[in-house]
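**Student:** 3D model of this:
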Amino acid sequence: MEVYSLIVRNQELFRLVYTLLIGIACFAIVVRTNRLFRLSFHQGIRYFRNAFFFYGLAFLIRYPLGESYFLIYKIIPSFITKALFEFFLIMGGFSLLYSLLWKKLETEKGSLSSLFNAKIALFYALALVIVGLDYLWKTYYLMFASQIILFGYASTISYLIYIKSENQQNFLKLYLVVMILNLIAWLSNFVVAVFFNWHQGGIISIHILNVIIFLLFLYSVVKATK
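**Tutor:** From the prediction side, this is the model:
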């Protein structure tokens, strides 16, 4: 309870530390996976890298730019930062799913750009539709539903790929861990939003859970890319 009270009294500092930890974790994951992609040219790693690029952008926009840390907060309306936050979170999820499915949709060489191509454009469009509907309905429920379904499906695919693999490589283990942890995170967010009506204690718990999960992502990536 003492820790909780301390966080409540220093919420802005907590959010800043929270954002920095997740931002640093995402940056480190992008750097390490990009280095691995340059060595292997594996397209799945390419889109896995993009997912954490999107996650890093999401938290940068939502907290340092979306809260009262900088003067830019007065320039960018809060509904825009919230919409961008949701958009990049959704794109992070879509990129992770695409990193599992790319072989069915692309050639071995992949597209010229992994951020701007016809197939990814469909995900951009779908993310915009989800963000737009959530804005009209003044809720995040459609985002929650889409990501819970997405990571439930992605966890199943990751597990099937892992058990069918003869070598059961470190990166396959990493995929499975990432998909399951993301599913847990989205389910937890949904529970706090729907059943606890964004209770302050629940939000703080989710923030702490998110930090733990992103640090676990970083640890798994470091371990898998040694």
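**Student:** Show the residue spans covered by the helices in this structure.
**Tutor:** With DSSP state H as the criterion, the chain has helices at 2-9, 11-40, 43-62, 78-105, 118-137, 141-164, 170-195, 200-224.
**Student:** most packed of these?
**Tutor:** Of all those, helix 43-62 has the most neighbours on average by mean count of other Cβ atoms under 10 Å, namely a mean of 22. Where you see a C-beta, it was placed from the backbone N, CA and C, and this is true even at glycine.
**Student:** what distance separates that one from the centre of its chain?
**Tutor:** Distance of helix 43-62 from the chain centroid (Cα atoms, centre = their mean, to the nearest Å) equals 7 Å.
**Student:** where does this protein have low pLDDT?
**Tutor:** 1-4, 8, 64-76, 108, 110, 166-169 (pLDDT under 70).
**Student:** Who are the contact partners of the closest residue to Phe37 other than its chain neighbours?
**Tutor:** Counting by Cβ to Cβ, 6 or more residues apart in numbering, Phe37 lies nearest to Ile45, which is 4.6 Å off, once chain neighbours are set aside. Contact analysis of Ile45 by Cβ atoms under 8 Å, 6 or more residues apart in numbering lists 33, 36-37, 99, 171.
**Student:** could you redo the last one with a cut-off of 6 Å?
**Tutor:** Contacts for Ile45 (Cβ atoms under 6 Å, 6 or more residues apart in numbering) come out as 33, 36-37.
**Student:** same thing with Ile29?
**Tutor:** Listed by Cβ under 6 Å, 6+ apart, the contact set of Ile29 reads 52, 218, 221.
**Student:** Ok, Ile213 next?
**Tutor:** By Cβ under 6 Å, 6+ apart, the contact list for Ile213 reads 181, 185.
**Student:** quick one: contacts for the nearest residue to Gly56 once chain neighbours are set aside?
**Tutor:** Excluding the flanking residues, the one nearest Gly56 by Cβ to Cβ, 6+ apart is Cys26, at 3.4 Å. Listed by Cβ under 6 Å, 6+ apart, the contact set of Cys26 reads 52, 55-56.
**Student:** can you put those residues in CSV and add distance to Phe196?
**Tutor:** Formatted as CSV, those follow (distance: Cβ to Cβ, whole Å):
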residue, distance to Phe196
Phe52, 28
Tyr55, 24
Gly56, 28
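**Student:** just those now: which is nearest Leu126?
**Tutor:** Closest to Leu126 out of those is Tyr55 (17.6 Å), distances taken as Cβ to Cβ.
**Student:** Which residue, neighbours along the chain excluded, lies closest to the closest one?
**Tutor:** Gly92 (4.3 Å).
**Student:** try Leu172
**Tutor:** Once flanking residues are discounted, Leu172 sits nearest to Tyr162: 4.8 Å by Cβ to Cβ, 6+ apart.
**Student:** swap in Phe85?
**Tutor:** Distances taken as Cβ to Cβ, 6+ apart put Arg62 closest to Phe85, at 3.7 Å, once the chain neighbours are dropped.
**Student:** hang on, the earlier thing: out of the contacts of Cys26, which is nearest to Trp198?
**Tutor:** For the contacts of Cys26, the closest approach to Trp198 (Cβ to Cβ) belongs to Tyr55, at 21.0 Å.
**Student:** How far does stretch 163-176 stretch from one end to the other?
**Tutor:** Terminal residues of stretch 163-176 are spaced 10 Å apart (Cα to Cα, to the nearest Å).
**Student:** Good, we can wrap up now.
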